[in-house]
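*Asks:* this is a predicted model, with the sequence first.
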Amino acid sequence: MADYLADVKKYDAGADAAVVEKIVKHLGIALRNRDSSLVSCTDPKELDRVKANWIAKKLGVTDDAKASAAVEKVCKAMSADNTKSRVTFYYLAAKDLGKLGSL
């Protein structure tokens, strides 16, 4: 858990540990596999899954333009990081959409 929080804090110094923990619990078994614990910004299918499964289903944002803008913004923010943690990616997307409080 501390590793996930430390990674999120690279992008948001005031990250809420409770919110990060909720995201970790939500992702569960996906975090055990290195490939599924990361997000690839160069894979359109991957980004579509993030929009469908995280942004639409979990966060309740069904506006595709808003979802796409959030994903694009997070990809740019994390562009220097070759291994984009799924927990950090989801946290930043939720923050961008103003949904951290609803987790």
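*Replies:* Cool, the structure landed.
*Asks:* any idea which helix or strand carries the one residue sitting closest to the centre of the chain?
*Replies:* For the chain, the residue lying nearest the average C-alpha position, counting by Cα atoms, centre = their mean, turns out to be residue 90 (1.3 Å). Element membership of residue 90 [criterion: DSSP states H and E] is helix 86-96.
*Asks:* about what we covered before: is it correct that the residue nearest to the centre of the chain is in contact with residue 23?
*Replies:* Yes: with contact defined as Cβ atoms under 8 Å, residue 90 reaches residue 23; the gap is 5.2 Å. The C-beta positions use only the backbone N, C-alpha and C, and glycine is treated the same way.
*Asks:* so where do the strands sit in this protein?
*Replies:* Remark: strands of the chain, listed N- to C-terminal, are 38-39, 84-85; assignment by DSSP state E.
*Asks:* quick one: the last one to chain centroid distance?
*Replies:* On the basis of Cα atoms, centre = their mean, to the nearest Å, strand 84-85 is displaced by 8 Å from the centre of the chain it belongs to.
*Asks:* now swap in the first one and tell me
*Replies:* For strand 38-39, the gap between its own C-alpha mean and the chain's C-alpha mean amounts to 9 Å (Cα atoms, centre = their mean).
*Asks:* that one pairs with which strands?
*Replies:* Strands adjacent to strand 38-39 in the sheet, as given by DSSP bridges, are strand 84-85 (antiparallel).
*Asks:* max-length helix in the chain?
*Replies:* Residue-count comparison of every helix in the chain, with assignments taken from DSSP state H, identifies helix 64-77 as the longest.
*Asks:* what angle separates that one from helix 86-96?
*Replies:* Between the axes of helix 64-77 and helix 86-96, defined by axes from the mean of the first three to the mean of the last three Cα atoms, to 10 degrees, the angle is 130 degrees.
*Asks:* contact partners of the helix holding residue 90?
*Replies:* Taking contacts as Cβ atoms under 8 Å, 6 or more residues apart in numbering, the residues outside helix 86-96 that touch it are 4, 7-8, 10-12, 15, 19-20, 23-24, 26-27, 30-31, 36-39, 50, 54-55, 59, 70-71, 73-74, 77-78, 100, 103.
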